[in-house]
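[1] Have a look; sequence and predicted model below, questions after that.
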Amino acid sequence: MAHAVSGALRTLMEICLVGGAVRDELLGLEVKDRDWVVTGATPEQMLAQGFRPVGKDFPVFINPHTGEEYALARTERKSGHGYQGFTFHAHPDVTLEEDLLRRDLTINAMARRPDGSLVDPYQGQDDLEQRVLRHVSPAFAEDPLRVLRVARFMARFTPLGFQVAPETLALMQQISASGELQHLSAERVWMEFERALSCDHPLVFLQCLQQAQALPVLLPEFNPLDWNSAQPVLDRLNREHPCAEQRFALLCHLAMPEEAPLEAVKTLCERLKTPNRFLQAATDLLQWHDTLASLDTQESSRRLALVKALKLLRNPERLQQLLAPTHALHPDMPDDLGPRFEQRLAALAQVSSAEFMQQGLQGKALGNALEARYLALLESL
Ligand code: ATP
Ligand code: MG
């Protein structure tokens, strides 16, 4: 459907692959989501072909069959604060080159025509080869979100050897100095941070923000991080194929103040409106890593306290989540501690109150009998 262009428009309308998909394909990486740019078309023509508009007055459409985004070629002008402070000019006359000019980085400003040819007016391919994140035009400074985007691309592409071009870093610093970062919504900041947490190098994301002088504004809680001591801890975590929640928990542990760290994490998560599971992963780690790491030498009452606090009988995955970052913080923790503790939890889960009730126990007496059984089962690990 998308490419079946009707009669008279055939010579005008053109749909090209653009942005991340072109970049990732040139890098030899797996292409996850594809974005398209459409030149020579009006919104009415898009609607007539069955595309669904993304929002009112926004020249972006969704292909209902693939879910992929098709944006009409547009130019932009800054008209207000923040990410949304733009007026768009989307018109069939806007050329592919003009559309590519409004994009953030040269490596993101390439398109592939239907005949397979590459459109690269801003030397994105050279920058890919030289491993440089470079802005396309001075208009880069008009959107503060780009500071976060560059930091995220640095995090993702750092294993390939990418660096931020000095003149781009200067523009990022200029954005920070302008006060525009304050206009970014919590959702935007979190969205980019979460993406950075989904790759192995979230520290590079934070470091890049610091170099751009954006960290004290966007994520001041991470400003005190000591990169040199944090890196090996994160490297140990990465060996265990962690999820974003586990990386978040570890970074919080490393960055939060010694005094009232839980309150600091709570404030951070409330401000960023993180999903609750991130807060939980961080508070579980802050509160329980010491106990878990030293479980072999703990009293059974302390072991039971951990089981109860994390509700491990009902949520065994919470232990799974806690194990890897705890191991990263305590490299001497025995490898088999997790499996041994899980076996104990399985034994605890078998305990049934029916047995005690048959003996006539109820109420507090029943509770005490269950507790005694749990403690007995947790005597050895
Ligand atoms: P990813 O692989 O994470 O999807 P991407 O480069 O495809 O990376 P998208 O957010 O999907 O990023 O955006 C698609 C394209 O739109 C980008 O490659 C870039 O050309 C352009 N773009 C997106 N956001 C901005 C922005 N804030 N400023 C300028 N250009 C942008
Ligand atoms: Mg994309």
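    Looks like it came in fine. Numbers count the residues shown, from 1 in each chain. Ligands and ions are numbered 1, 2, ... in the order given.

[2] Can you point out the buried residues in stretch 339-357?
    F341, R344, L345, L348, V351, F356 (16 or more other Cβ atoms under 10 Å). Glycine gets a C-beta too; all of them are placed from N, C-alpha and C.

[3] Look up how far L312 lies from the first one.
    Looking back up the chat, that one is F341. For F341, the distance to L312 equals 9 Å [Cβ to Cβ, to the nearest Å].

[4] Take the buried residues of stretch 339-357 and keep only those in helices.
    Those of the buried residues of stretch 339-357 mapping onto helices are F341, R344, L345, L348, F356, per DSSP state H.

[5] Go through the residues you listed and say which is closest to L169.
    The closest of these to L169 turns out to be F341 (Cβ to Cβ; 46.6 Å).

[6] can you pull the contacts of the closest one?
    Applying Cβ atoms under 8 Å, 6 or more residues apart in numbering, one finds that F341 lies in contact with L295, L319, L381.

[7] Could you check how many residues crowd around the residue in the chain that ligand 2 sits nearest to?
    The nearest approach of the chain to ligand 2 comes at G20, 3.6 Å away (Cβ to the ion). By the criterion of other Cβ atoms under 10 Å, G20 has 17 neighbours.

[8] That one touches A109, doesn't it?
    No: if you go by Cβ atoms under 8 Å, G20 and A109 don't touch, sitting 11.0 Å apart.

[9] What segments of the stretch 1-150 of the chain are helices?
    Assigned by DSSP state H, counting those that start in this stretch, the stretch 1-150 of the chain shows helices spanning 20-26, 43-48, 96-101, 124-130, 145-157.

[10] tell me the most buried of those?
    Stretch with highest mean neighbour count among the helices of the stretch 1-150 of the chain: helix 145-157 (a mean of 24; mean count of other Cβ atoms under 10 Å).

[11] quick one: contacts of stretch 114-124?
    The contact list for stretch 114-124 (Cβ under 8 Å, 6+ apart) reads 3, 14-16, 22-23, 96-97, 100-101, 105-113, 125, 136.

[12] at 6 Å instead, please
    Contacts to stretch 114-124, defined as Cβ atoms under 6 Å, 6 or more residues apart in numbering, come from residues L96, E97, T106, I107, A109, M110, A111, R112, V136.

[13] Do I have it right that the third one meets L128?
    No: in this structure, T106 is not within contact of L128 by Cβ atoms under 6 Å, at 8.4 Å.

[14] any residues in contact with both of these two?
    Contacts common to T106 and L128, judged by Cβ under 6 Å, 6+ apart, are absent.

[15] picking that back up, ranking the contacts of F341 by neighbours, who comes first?
    Highest count within the contacts of F341 by other Cβ under 10 Å belongs to L295, 22 neighbours.

[16] for it, what are its contacts?
    Counting by Cβ under 6 Å, 6+ apart, L295 has no contacts.

[17] next one: A264
    M256, P257.

[18] before we move on, back to that, go through the contacts of F341 and say which is closest to N276.
    L319 (17.9 Å).

[19] Surely the closest one touches A309?
    No: L319 lies out of contact with A309 (Cβ under 6 Å); the separation is 11.4 Å.

[20] Which residues of this structure lie near ligand 1?
    Contact residues (Cβ under 6 Å from any ligand atom) of the chain with ligand 1: G19, G20, D33, D35, R103, D104, N108, A109, D143, L145, R146, R149.

[21] And the residues you listed, which two are furthest apart?
    D33 and D143 (20.3 Å).

[22] which of those two has more neighbours?
    D143 (21 against 11).

[23] ok, the more buried one to L292 distance?
    43 Å.

[24] now do G124
    47 Å.

[25] now swap in M13 and tell me
    In terms of Cβ to Cβ, M13 sits 60 Å off from L292.

[26] same question, C199
    Per Cβ to Cβ, C199 is found 26 Å from L292.

[27] the more surrounded of those two?
    L292 (26 against 18).

[28] Quickly find the element holding the nearest residue to the more buried one once chain neighbours are set aside.
    With Cβ to Cβ, 6 or more residues apart in numbering as the criterion, L292 has its nearest non-adjacent residue at 4.9 Å, and that residue is T326. Element membership for T326 (DSSP states H and E) is helix 316-329.

[29] So which residues of the stretch 251-381 of the chain form helices?
    All helices of the stretch 251-381 of the chain, identified by DSSP H, counting those that start in this stretch, fall at 261-272, 276-293, 300-309, 316-329, 337-350, 353-358, 363-377.

[30] so where is the stretch 151-300 of the chain shaky, pLDDT-wise?
    Within the stretch 151-300 of the chain, not a single segment meets pLDDT under 70.

[31] what does the chain have sitting close to ligand 2?
    Contact residues, the chain versus ligand 2 (Cβ under 5 Å from the ion): G20, D33.

[32] And the chain, what are its domain boundaries?
    Split into domains by automatic domain parsing, the chain comes to 1-122, 257-381.

[33] Now do stretch 366-381: distance to the chain's middle.
    Here the centre of stretch 366-381 is set off from its chain's centre by 41 Å, with Cα atoms, centre = their mean, to the nearest Å.

[34] Equivalent analysis for stretch 124-135, please.
    That offset, for stretch 124-135, works out to 23 Å (Cα atoms, centre = their mean).

[35] what do you get for stretch 313-333?
    21 Å.

[36] before we move on, back to that, okay, the domains of the chain in CSV with distance to F193 next?
    Formatted as CSV, these follow (distance: least, Cβ to Cβ, whole Å):
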stretch, distance to F193
domain 1-122, 15
domain 257-381, 7
